[in-house]
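got a structure for you, letters missing:
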Ligand SMILES: Cc1cc2nc3c(=O)[nH]c(=O)nc-3n(C[C@H](O)[C@H](O)[C@H](O)COP(=O)(O)O)c2cc1C
């Protein structure tokens, strides 16, 4: 067993996390989400260790804003040496944690021999975790499924988790459905195999000493509170991306912080300096604004406001004045 130089309590602290999601959880979305919850753990999109190794623009792949802490970088790969190198880079860049992706079922990822198919190769995963642990001093966590194809018994899952734990994995995020690697698309693999929370609960009962976080279908604050009665953490994906505003009470309800009144206009105003900085660095307003769209729902005139935001912010030379205007309109409407 590899020993940790950080306290176990630190990694058990993140009761809620916002899932890694390709093309969604970029820096812009994370900065928005950070205005909504200061305490939850945010994840990057998956970064492939091999891509990092060969990249001549690592800053683009690794840079994040200081306000994004606490932040976990998700890595994909099956080569222990490249993953160890990536882990070292992640620590140097200031990430708080590293997560290894053993849950992605996409054919592209499968053809690279990583993601969910690695659930069929526990020894390779253990080797990767050991090498990553040796190369850095931040927690290494694993995100995986209940199983893949016909390797999905409770016994298999328990052995997989034990193997990773012995190698030094510090937390397990379990997407509570199996993945079918042949025949289902990645999208179908997020809905069709049924969620089986009871199997993750059984695992937690068998290994109470392990830090187990549940993922899949946690869609409301209420679901989250219920999840935390059983598990050490709850990870929310699509419901956070599509409905960011419903999570505004996370810090007070989950983390016991003093409740801060958060309105949609206040959140947008807090994101504006970041959007401005991005434009000054040759970015475009739309990169930030596209995530803000989902903040505007369940209020009168939501459709019109969304349309205005979408049309104006996609213009080539759009500047933050349109975001200021929308924030003011929302404020005037008591939102
Ligand atoms: C658009 C999209 C992209 C995703 N990309 C990743 C990814 O890069 N890495 C990963 O581990 N999971 C990825 N996932 C899976 C989510 O992290 C999560 O496990 C899944 O959506 C189930 O949680 P939910 O029901 O709360 O959405 C992605 C999901 C979606 C919808």
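Okay, I see it. Everything numeric in this text was worked out from a predicted model, so none of it was measured.

C-alpha only now, for contacts and for neighbours.
Fine.

continuing past whichever strand or helix holds residue 307, what's the next helix or strand?
In this assignment (DSSP states H and E), residue 307 forms part of helix 302-313. Using DSSP H and E, the helix or strand that follows helix 302-313 in sequence is helix 321-332.

is it true that residue 176 touches residue 193?
No - the pair residue 176 / residue 193 is not scored as a contact, 9.4 Å apart, by C-alpha atoms under 8 Å.

In terms of neighbours, single out the busier of the two.
Using other C-alpha atoms under 10 Å as the criterion, residue 176 and residue 193 rank with residue 176 on top: 25 against 14.

who's in contact with the more buried one?
Counting by C-alpha atoms under 8 Å, 6 or more residues apart in numbering, residue 176 touches 145, 146, 195, 196, 197, 199, 200, 214, 215, 216.

Could you turn the buried ones of these into a ChimeraX selection?
To isolate the buried members of the contacts of residue 176 in ChimeraX, using 16 or more other C-alpha atoms under 10 Å:
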select :145,146,195,197,199,200,214,215,216
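
nearest to the ligand, of the contacts of residue 176?
The closest of those to the ligand turns out to be residue 216 (C-alpha to the nearest ligand atom; 3.6 Å).

Nearest spatial neighbour of that closest one, chain-adjacent residues omitted?
Nearest residue to residue 216, sequence neighbours excluded (C-alpha to C-alpha, 6 or more residues apart in numbering): residue 175, at 5.4 Å.

so who does the one you found touch?
Residue 175 makes contact with 103, 143, 144, 145, 146, 214, 215, 216, according to C-alpha under 8 Å, 6+ apart.

which two in these are spaced the farthest apart?
Of all pairs drawn from the contacts of residue 175, the greatest distance, 13.2 Å, lies between 103 and 214 (C-alpha to C-alpha).

State the number of residues packed around residue 46.
22.

repeat for residue 185
Neighbour tally, residue 185, other C-alpha under 10 Å: 15.

and if you look at the one 3 residues further on?
Taking other C-alpha under 10 Å as the criterion, the count of residues near residue 188 is 13.

Kindly provide the distance from it to residue 119.
Distance of residue 188 to residue 119, computed by C-alpha to C-alpha, to the nearest Å: 19 Å.

Flag every residue of the stretch 201-335 of the chain that's near the ligand.
Within the stretch 201-335 of the chain, the residues that sit near the ligand (C-alpha under 6 Å from any ligand atom) are 215, 216, 217, 218, 236, 237, 238, 239.
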